[in-house]
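S.K.: what follows is a predicted structure for the sequence shown.
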Amino acid sequence: MAAITLSDVRKVYAGGVEAVKGVSIDIADGEFLVLVGPSGCGKSTLLRMVAGLETISSGTISIGERVVNRLEPAERDIAMVFQNYALYPHMTVRQNLEYGLKNRGMAKDERGRRIDEAARALEIAQLLDRRPRQLSGGQRQRVAMGRAIVREPAAFLFDEPLSNLDAKLRVQMRAEIRRLQSALRTTSLYVTHDQLEAMTLADRIVVLNAGRVEQIGTPMELYERPASLFVAGFIGSPAMNLVPLAGGSAQAFDNLPAALAEEGRVLGVRPEHLELTDRLAGEGEVGLAMVVTSVESVGAESFLHGALGESGPAIAVRIPGYSRVEPGVRLRAVAPRALLHVFDQTSGRRAA
Amino acid sequence: MVENRPWLNALSHLVLITGVVVVAFPVYLAVIASTRGPNDFYSGLVPLLPGPHALENYSAMFGAGLSTSGAPPLGLMMTNSLIMALSIALGKIAISILSAFAIVYFRFRFRLVAFWIIFITLMLPVEVRILPTFKVVADLGMLNSYAGLSIPLIASATATFLFRQFFLTVPDELMEAARVDGAGPMKFFRDILLPLSRTNIAALFVILFIYGWNQYLWPLMITTDTGYYTVVMGIKRLVAVADAIPQWNYVMAAVVLAMLPPVVVVVAMQRLFVRGLVETEK
């Protein structure tokens, strides 16, 4: 186990494309850190640089006390779980788990002990003599994790390990990964594009955008105080309502403090913080008027999608239970002023 | 194509059977002729039923050969052919799988150039480059030797190209996983790539063995010593007799014997061969 430190890490590809533009992250020993961002944001490149599968153009990466910039992946004491599992197809599950240990010259009975232990932890003991193609997707995922666990490395690196699984299995495996990591307390770096995965797994989340860190923080910090428009739109589902205060869209609000209602600001409020009402906003609240355009009911909750005012920016409101609201209906909604987010339009950063 | 039309069925069977007969009948004739006595062909009618002389024809050809046509016993020629076909097949596989490995998995200077040079030699079969190749082999003193028979035919691009295409379909993550697992390049090659290429190697072996076995022009060019004659060129000599009628019973016995090793190879490796052609195991 070890801490991982990235300082001012950059990646420039041969064609001059800069995929990672100076990223500094400190990952504490035993921490579960999730890198999240849209595709092409550089998160996988960053992970592969930590793994040693991609060269580092500048900056340093250290695992524990060692700077690993020039070390081979095998010398970095890390284990990696790949998106498509990358199990060796011609080897049995046992041989798959054993391969990395054998290459390190580990004694036979120690190998057997570790494999049995990992197989028990992952409940794959009855699969040890099968080949990968005889396994289901979830089982392959377990074996891939097993291959990482038996190594007992300083850090686990996960490269979107759940994205090939169906939705139900993904939820199950997510819980499993979380359980294993808290049992083993191994430093983990996990890459995903799914904000829900990030929120549920992470001790801390790093939101990446276009090769730069947008924000680092615990899931709740990111949810409650997104540092930029990008993070505000990325974390939370459905996404936060973001209303640029321009061209008179402020008219649709009531009780909006004058200090917030400046041109060039973007007002953000989460769908779950809006409450339908038929009165104007009271003390400490901000209200808005909207026209419903569509309704999504998912059973336990419903989402009303509409336009601010008459035909302004899109607004979504979450209401509990089933909704009988018809499209075309005019509604009012209020949210506590404390839950309002204000961003600067030009810089994209949080303003208040 | 799951319709049930009796007429279409009958027609397709007819076409298939005709095709099989056209291919199989000459083989049948060869087998029949090899069991007949030497005089059965003078009548001008080709016999269609087996005769009683099979054993003596085959043993004569295998052990003694036909001295009149200057060909050594078939046993020797078949051994030569076997050595040549095996060295060509194994040599080609060994060289091409390694060069494909280099081209696909290593970033080195002039990698593309190397690939294209190999690729271009696809356009230069033995027959096209036969004179310069002969000159080189002769100057190296490799005439009338097994090395001269096989080495010039080992250098070829087909197999390199096939292995390259196969390696490109092997996911990169497999190589990366092996790197994380502490396997160096050659260990990755031996532990992962070779086992994965098993069926491809088998398929190529079958194709290349037959290719080597059927070589005619090249052995004809570089062998003057009867001790290095191969069976396919030997058959030609059996037929080309001066001032006499070819002894068809002996010729056909030689033909049937020459056919056997490729058949054995195909039958023995058929399962792997078919899998190598149709299935990609990943």
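M.R.: Nice, I can see it.
S.K.: burial count for residue 175?
M.R.: With no chain named, the answer covers chain A. A count of nearby residues for A:A175, using other CB atoms under 10 Å in any protein chain shown, gives 12. (C-beta placed from N, C-alpha, C; glycine too.)
S.K.: wait, I meant chain B there
M.R.: 21.
S.K.: check contacts around residue 273.
M.R.: I'll assume chain A. Taking CB atoms under 8 Å, 6 or more residues apart in numbering or on different chains, we find A:H273 in contact with A:A335, A:P336, A:L339.
S.K.: was after chain B, sorry
M.R.: B:A202, B:A203, B:V206, B:V266.
S.K.: which of the helices or strands spans the residue nearest to the first one when sequence neighbours are not counted?
M.R.: Leaving aside its chain neighbours, B:A202 sits nearest to B:L272 (3.6 Å; criterion: CB to CB, 6 or more residues apart in numbering or on different chains). Secondary structure assignment for B:L272, by DSSP states H and E: helix B:270-278.
S.K.: quick one on the thing from earlier: just send the contacts of A:H273 back as JSON lines, with pLDDT, distance to A:A2 and neighbour count too.
M.R.: What follows is the contacts of A:H273, written out as JSON lines (pLDDT from 0 to 100; distance: CB to CB, whole Å; neighbours: other CB atoms under 10 Å in any protein chain shown):
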{"residue": "A:A335", "pLDDT": "93", "distance to A:A2": "44", "neighbour count": "21"}
{"residue": "A:P336", "pLDDT": "93", "distance to A:A2": "43", "neighbour count": "14"}
{"residue": "A:L339", "pLDDT": "92", "distance to A:A2": "39", "neighbour count": "15"}
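S.K.: kindly reformat the residues you listed as JSON lines containing secondary structure and distance to chain B.
M.R.: What follows is the contacts of A:H273, written out as JSON lines (DSSP: H, G, I helix; E, B strand; the rest coil; distance: CB to the nearest CB, whole Å):
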{"residue": "A:A335", "secondary structure": "strand", "distance to chain B": "46"}
{"residue": "A:P336", "secondary structure": "strand", "distance to chain B": "48"}
{"residue": "A:L339", "secondary structure": "helix", "distance to chain B": "43"}
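S.K.: so what touches stretch A:310-320?
M.R.: For stretch A:310-320, contacts defined as CB under 8 Å, 6+ apart pick out A:238-239, A:241-244, A:249, A:252, A:271-272, A:274, A:276, A:288, A:290-291, A:300-308, A:331, A:333.
S.K.: now narrow those to whatever sits close to chain B.
M.R.: Applying CB under 8 Å from any CB of the partner chain to the contacts of stretch A:310-320, one finds that nothing falls near chain B.
S.K.: longest helix anywhere in the chain?
M.R.: No chain in the question, so chain A it is. Scanning chain A for the helix with the most residues, using DSSP state H, yields helix A:167-184.
S.K.: ah, no, chain B please
M.R.: If you go by DSSP H, chain B has its longest helix at helix B:74-105.
S.K.: how close does the residue lying closest to A:E31 once chain neighbours are set aside sit to chain B?
M.R.: Leaving aside its chain neighbours, A:E31 sits nearest to A:D203 (5.0 Å; criterion: CB to CB, 6+ apart). Shown here: A:D203 relative to chain B, a distance of 24 Å by CB to the nearest CB, to the nearest Å.
S.K.: quick one: A:D203 from B:G44, how far?
M.R.: A:D203 sits 96 Å away from B:G44, taking CB to CB, to the nearest Å as the criterion.
S.K.: so for these two, which residue has more residues nearby?
M.R.: A:D203 (16 against 5).
S.K.: contacts only, for A:G137.
M.R.: Contacts of A:G137 (CB under 8 Å, 6+ apart): A:N164, A:L165, A:D166, A:L169.
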